[in-house]
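[1] predicted coordinates and the sequence they were generated for:
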Amino acid sequence: MTSFLSLPTISPHRPAFSGVSFRPPRLFKSCVKCSYAGAGFTSDSRSDPIDIVADVKSERVVVLGGNGFVGSAICKAAITKGIEVVSVSRSGRPNFQGSWLDQVTWVTGDVFYLNWDEVLLGATAVVSTIGGFGNEEQMKRINGEANVVAVNAAKDFGVPKFVLITVHDYNLPPFILSSGYFTGKRNAEAELLSKYPTSGVVLRPGFIYGKRKVNGLEIPLDLVGEPFDKIYNAAESFIKPLRSLPASDLLLAPPVNVDDLALAAINAIKDDDFFGIFTIEQIKEAAAKMRV
């Protein structure tokens, strides 16, 4: 499955930066007017209002893998919620069209060689969608080491929240879960939860559906995912007990709409009480909460 992947195999060579200039975090100025009367003022005395200007920092999220299927949905959702967005990926700005794209700062770079001091400037949260397939070592590096590097960079810089998109385990047997793919992702989860015990978020979706754009072509994953999602919802009471069977979730785990996953990530960014590991069902609940 590739629906939750956002970055291709990471090259060991240092990539060139795109020369993107970073905007400082936006500040909203709030003007508060107040008046007061000191001792000795008569009823005819007048005190002029005092303008107090306070700078309040807006939310600014850094999305790793922001031009991918999941990453771009998160970027778009963040923009619609008024959050400033910086996307970091090896190929920079995506090649599809959308008015919201111009509101994102697109950075071309590899997480192993980033100048984190620039990328994380003003960040209030980091969301990582990094993942991929390959041989055992490649999968450990992409799914695990790359995310561990990002988690530690964010923690060292003082970013208060980190959201990691990983994967449901599908009730698979241990010999499969010990593969580089799952091992890498679980190592990244462990690192995140150790560094961000009360503000780290792990979202574990299964099959993610929606309209995925690849090299200018649109792959309608929703043609498969959406009907099954409706079937699952209609027959949940019958299907749910069967999910305890080994590997049953390969067929029976409910799919997740990519927009729901994006909204769950936005909920994680905004809600300080939202932390820990979240299952497929909890991801959908978080998305519903954002829609209210």
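    Sure, I can see it.

[2] hmm, who's touching the helix or strand that contains residue 74?
    Assigned by DSSP states H and E, residue 74 belongs to helix 69-80. Here helix 69-80 makes contact (CB atoms under 8 Å, 6 or more residues apart in numbering) with 3-6, 61, 63-66, 85, 87, 89, 94, 98, 100, 103-104, 127, 129, 165, 208, 210, 212-213, 258-259, 261-263, 265-266, 269. The way it works is simple: take the backbone N, C-alpha and C, and place the C-beta from them, glycine included.

[3] and it, which residues are buried?
    By 16 or more other CB atoms under 10 Å, the buried positions in helix 69-80 come out as 69, 70, 71, 72, 73, 74, 75, 76, 77, 78, 79.

[4] rounded mean pLDDT for that helix, please.
    Per-residue pLDDT over helix 69-80 has a mean of 96.

[5] and the residue most central in space within the chain, helix, strand or coil?
    Closest residue to the average C-alpha location of the chain: residue 127 at 3.4 Å, with CA atoms, centre = their mean. Using DSSP: H, G, I helix; E, B strand; the rest coil, the three-state assignment for residue 127 comes out as strand.

[6] show me the helices in the stretch 51-200 of the chain, by range?
    69-80, 116-119, 136-139, 146-157, 174-177, 180-195 (DSSP state H, counting those that start in this stretch).

[7] need the CA coordinates for stretch 80-95. CSV is fine.
    Extracted in CSV, the C-alpha atoms of stretch 80-95 (Å, rounded to 0.1, in the frame of the first residue of the first chain):
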residue,chain,number,x,y,z
THR,A,80,-8.2,26.7,5.2
LYS,A,81,-8.0,26.8,9.0
GLY,A,82,-5.8,29.9,8.9
ILE,A,83,-2.6,28.2,9.8
GLU,A,84,0.7,29.3,8.1
VAL,A,85,2.3,26.3,6.3
VAL,A,86,5.8,25.4,5.3
SER,A,87,6.2,22.2,3.3
VAL,A,88,9.5,20.3,3.1
SER,A,89,10.0,17.6,0.5
ARG,A,90,12.7,16.5,-1.9
SER,A,91,10.8,17.7,-5.0
GLY,A,92,9.4,21.0,-3.7
ARG,A,93,6.2,22.4,-5.0
PRO,A,94,3.8,19.8,-6.5
ASN,A,95,3.0,19.9,-10.2
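
[8] so what touches stretch 208-227?
    3-4, 69-70, 72-73, 94-96, 207, 229, 255-259, 261.

[9] that stretch spans what distance, first to last residue?
    One end of stretch 208-227 sits 13 Å from the other (CA to CA, to the nearest Å).

[10] just stretch 96-105 next, same as before
    Start-to-end span of stretch 96-105 (CA to CA) is 16 Å.

[11] next, the buried residues of it.
    Buried, per 16+ other CB under 10 Å, within stretch 96-105: 101, 104, 105.

[12] residues touching the first one, list them.
    In this case it means residue 101. So residue 101 contacts 93, 94 (CB under 8 Å, 6+ apart).

[13] same check on the second one?
    With CB under 8 Å, 6+ apart as the criterion, the residues that contact residue 104 are 66, 75, 79, 85, 86, 87, 93.

[14] beta partners for it?
    As for beta bridges, residue 104 partners with residue 85 under DSSP bridges.

[15] look at it and report its pLDDT.
    For residue 104, the pLDDT comes out at 97.

[16] how near is it to residue 70?
    15 Å (CB to CB, to the nearest Å).

[17] over to residue 236?
    Residue 236 is 24 Å from residue 70, by CB to CB.

[18] cool, residue 121 as well?
    24 Å.

[19] same question for residue 277.
    17 Å.

[20] ok, now residue 259?
    10 Å.

[21] cool, and residue 190?
    For residue 190, the distance to residue 70 - CB to CB - is 21 Å.

[22] where does this protein have low pLDDT?
    By pLDDT under 70, the weakly predicted segments of the chain are 1-57, 214-218, 222, 228.
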